[in-house]
Each structure stands twice: as structure tokens, then as C-alpha cells.
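# any chance you could fold what I've pasted below:
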Amino acid sequence: LGGRIMLEINLKQLESFVATVEHSGFTAAAAALYLTQSTVSAHVSALEQTLGVPLLVRGARKPVTLTPEGQNVYVQAREILNRCERLQALGPAEQPPLRLGASTAPGQGLLPELLTGFLQRCPDSRYVLLRGDSARIHSLMLDSRVHLGFVGAAMDPRRFVYHPIANDRLVLIAPNREPYPTLRRQGVSGLTLLTEQPLIRREPASGTRQSLEDYLRRSGIAADRLHPVAEIDTPEDVKAAVQRGLGVAVISALAVQEELAAGKLLSFDLDRSGVFRRIYLAWPADCPLTAAERRIADYVLSHAEGE
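Numbering: from 1, shown residues only. I've put the predicted structure just below:
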């Protein structure tokens with residue numbers, strides 16, 4: 001029996017249980033562990049099911065309390081976690097690099113400043129950064145190739161924790177040559193150009209494309225009103241194609257700042273109020289963050305614009 005139980009109990013369950021006890025509830029425990037409340041509750045329930053005894057007394061609007069069995073399990077679980085922390089301290093003095101992933105807009109427009117500030121605060125930290133569209137970053141997190149992701153779409157709220165960290169404006173870009181400068185002076189909207197000009201689109205897995213399609217649905221604009229001429233999977237290639245005159249494109253304002261400042265491209269707001277999407281810091285819901293990952297998450301969230 002002991003061997004079977006040991007195989008079924010895992011550290012995630014013990015950590016969730018201990019955090020729930022020490023923070024007097026699932027909500028505070030979830031915040032401390034950077035998990036969703038449902039994930040923490042599921043870990044504790046799984047531990048109770050494995051042990052065959054209730055560990056907590058749950059009550060509406062009341063802090064959770066320990067059952068007699070729960071008190072005994074808490075003491076042992078706390079000791080196991082303490083031993084694991086001491087064991088981890090025996091590892092190499094140099095911490096492994098933080099494994100981060102970023103889609104294009106946050107990778108270009110947010111991370112350089114955020115990571116510079118974080119490394120100034122934590123100079124012993126190192127990181128590995130992988131890039132891709134939002135779908136690829138989600139896939140890399142599920143494969144544990146990256147542990148924290150900066151993405152432009154909350155694609156799977158059941159499997160990931162998302163925290164908004166910035167608002168990103170979508171703009172239509174066009175080459176800086178006629179007739180576009182004249183159209184801009186005349187106040188023509190990006191939405192008008194979107195339905196009249198050849199369109200260069202991002203790939204379907206792009207958070208930018210998904211945000212654009214959501215906007216078009218809300219605006220009641222059918223897909224057959226667009227005139228797509230190309231589908232390109234990187235913003236750098238999209239911008240280059242627009243500069244050559246292949247067509248117009250909708251892109252993150254964060255990803256096109258340099259070209260606009262240099263006068264290589266022109267931007268048009270899609271409508272008068274602007275079209276915005278959120279940039280998120282994300283991680284898998286069932287994977288508690290390490291101490292190092294919590295430090296960078298704390299730093300990023302403390303500098304968030306999107307809360």
C-alpha cells in the first residue's frame with residue numbers, strides 16, 4: 001500500500017495542500033503558487049482521494065481548517081517540502097537559465113526593456129529566449145521547452161494561467177508613397193483601406209491575425225470583403241513586403257515602431273477609437289513556478305500596464 005500511495009502522490013499535490021493551509025484558503029494559495037484556484041483545489045482533492053481521508057474542512061466564506069488527519073498530513077508534507085528545498089540547495093551554485101518564450105509583438109516591443117530592468121535587479125539571472133507566433137509559444141510551454149510565455153492571445157484558459165501585462169494597438173501599415181500619404185491626410189481609415197487594398201495576412205496561428213478576425217466579426221465585416229494576396233508567417237517579412245508595395249497589412253504597433261519612426265512605412269488606425277488587444281504573461285496551469293520564475297513573474301507583473 002505504501003509503495004502504491006507514494007507513486008500516486010506528487011510534490012504538486014503536497015505543495016498545493018501546504019500552501020492552502022498556510023494561506024488559509026485556495027484563492028490565496030493559488031496566488032502564492034501562481035496557479036489557478038481550480039488547479040490548487042484539484043491537487044488537494046487528488047491528495048485526499050489518494051489517502052482516502054478528508055484533509056480540510058471547507059466552509060463558505062470561512063478559512064479552511066485542518067481535520068485531525070489533515071493536521072498529521074500537513075506536518076509530514078511540510079517536512080517533505082523542506083527536505084526537497086534543502087536537497088535543491090545542494091545543486092550547483094549557478095542557477096539554470098530562465099526559459100522564456102515570446103511571440104513577436106511582446107518580443108520586440110516589451111521584453112528588451114523588461115528583461116534589462118529585471119537583470120539589473122537580479123544580476124545573477126540568465127535566460128534563454130525562444131520566439132514564434134502565439135500558438136508556437138503555447139506549444140513550447142506544453143512541451144516544457146519554455147516555462148513562461150509572453151503571448152498576444154489567451155488561447156487556452158483551461159490549461160494556462162494568463163496575466164495581462166500590456167495593451168497593444170493594432171494598426172494597418174502601408175508603404176510611405178502615394179497614394180497613401182494623401183489618403184492619410186484625408187483621414188481615410190485603416191478599415192476602409194483594409195477592404196479596398198490588397199492584403200498581406202499573418203498565418204492563422206498568429207495572435208495578431210486572430211485579434212484582427214475577432215475585430216472584423218464584431219464589426220460585421222465578412223471575409224469576402226477582403227482581398228488577400230499573401231500569407232506570411234513573420235512580421236519582419238510582412239513589413240518588407242509592404243515596403244515593396246505588395247499590399248497593406250495589419251500588425252502590432254509594438255512591432256513596427258522603428259519603421260514608422262524612420263519613415264519607411266505609414267500607419268492607419270482601423271477606426272477612430274483604435275483596436276486593441278492584450279499582451280499576456282502565461283504559464284501552464286498545472287506547473288508551479290520555481291523561485292526564480294516567480295521572481296521574474298513578480299517583476300513583470302509589477303510593471304504591467306494591462307491590469
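# pull out the buried residues from the lengthiest helix in the chain.
If you go by DSSP state H, the chain has its longest helix at helix 68-89. By neighbour count with 16 or more other CB atoms under 10 Å, helix 68-89 contains the buried residues 70, 73, 74, 77, 81. Any C-beta I mention is one placed from the backbone N, CA and C, and that applies to glycine too.
# could you export the residues you listed as TSV, including distance to residue 201 and pLDDT?
Formatted as TSV, those follow (distance: CB to CB, whole Å; pLDDT from 0 to 100):
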residue	distance to residue 201	pLDDT
70	55	90
73	55	92
74	55	91
77	52	91
81	49	86
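# which residues are in contact with the closest residue to residue 212 other than its chain neighbours?
Spatial nearest neighbour of residue 212, excluding adjacent residues (CB to CB, 6 or more residues apart in numbering): residue 250 at 4.9 Å. Counting by CB atoms under 8 Å, 6 or more residues apart in numbering, residue 250 touches 170, 171, 172, 173, 190, 194, 208, 212, 270.
# which of those residues sits closest to residue 26?
Using CB to CB, residue 208 comes nearest to residue 26 of these, at 35.5 Å.
# am I right that that closest one is in contact with residue 251?
Yes: contact criterion CB atoms under 8 Å: residue 208 and residue 251 qualify, at 6.3 Å.
# between those two, which contacts overlap?
With CB under 8 Å, 6+ apart as the test, residue 208 and residue 251 both reach 170, 202, 235.
# so the first one sits in a strand?
In this case it means residue 170. Yes: per DSSP: H, G, I helix; E, B strand; the rest coil, residue 170 lies within a strand segment.
# if it is in a bridge, with which residues?
residue 252, residue 275 (DSSP bridges).
# burial of it, as a residue count?
If you count neighbours by other CB atoms under 10 Å, residue 170 ends up with 23.
# wait, it touches residue 275, no?
Yes: shown here, residue 170 and residue 275 form a contact pair, counting by CB under 8 Å, at 4.6 Å.
# circling back: the longest helix of the chain: what's the following helix or strand?
strand 98-102 (DSSP states H and E).
# given that following strand, what are its sheet partners and their directions?
When sheet partners are counted by DSSP bridges, strand 98-102 sits next to strand 127-131 (parallel), strand 148-151 (parallel).
# just the mean pLDDT for it, thanks.
In this model, strand 98-102 carries a mean pLDDT of 94.
# now stretch 276-291
Across stretch 276-291, the per-residue pLDDT values average to 89.
# buried residues, it. List them.
Quick answer for stretch 276-291 (16+ other CB under 10 Å): 277, 278, 279, 280, 281, 282, 283, 284, 285, 287, 288, 289.
# now do the same end-to-end measure for it.
33 Å (CA to CA, to the nearest Å).
# quick one: that stretch to chain centroid distance?
The chain centre lies 5 Å from the centre of stretch 276-291; the measure is CA atoms, centre = their mean, to the nearest Å.
# which residue ranges of the stretch 201-307 of the chain form helices?
207-218, 235-243, 257-261, 291-302 (DSSP state H, counting those that start in this stretch).
# so which elements touch the last one?
This means helix 291-302. Under the contact criterion of 3 or more CB pairs under 8 Å, 6 or more residues apart in numbering; DSSP states H and E, helix 291-302 touches strand 98-102, helix 111-121, strand 148-151, strand 160-175, strand 275-284.
# looking at the ones you listed, which one is packed in the most?
Among the helices and strands packed on helix 291-302, ranked by average contacts under mean count of other CB atoms under 10 Å, first place goes to strand 148-151 (a mean of 26).
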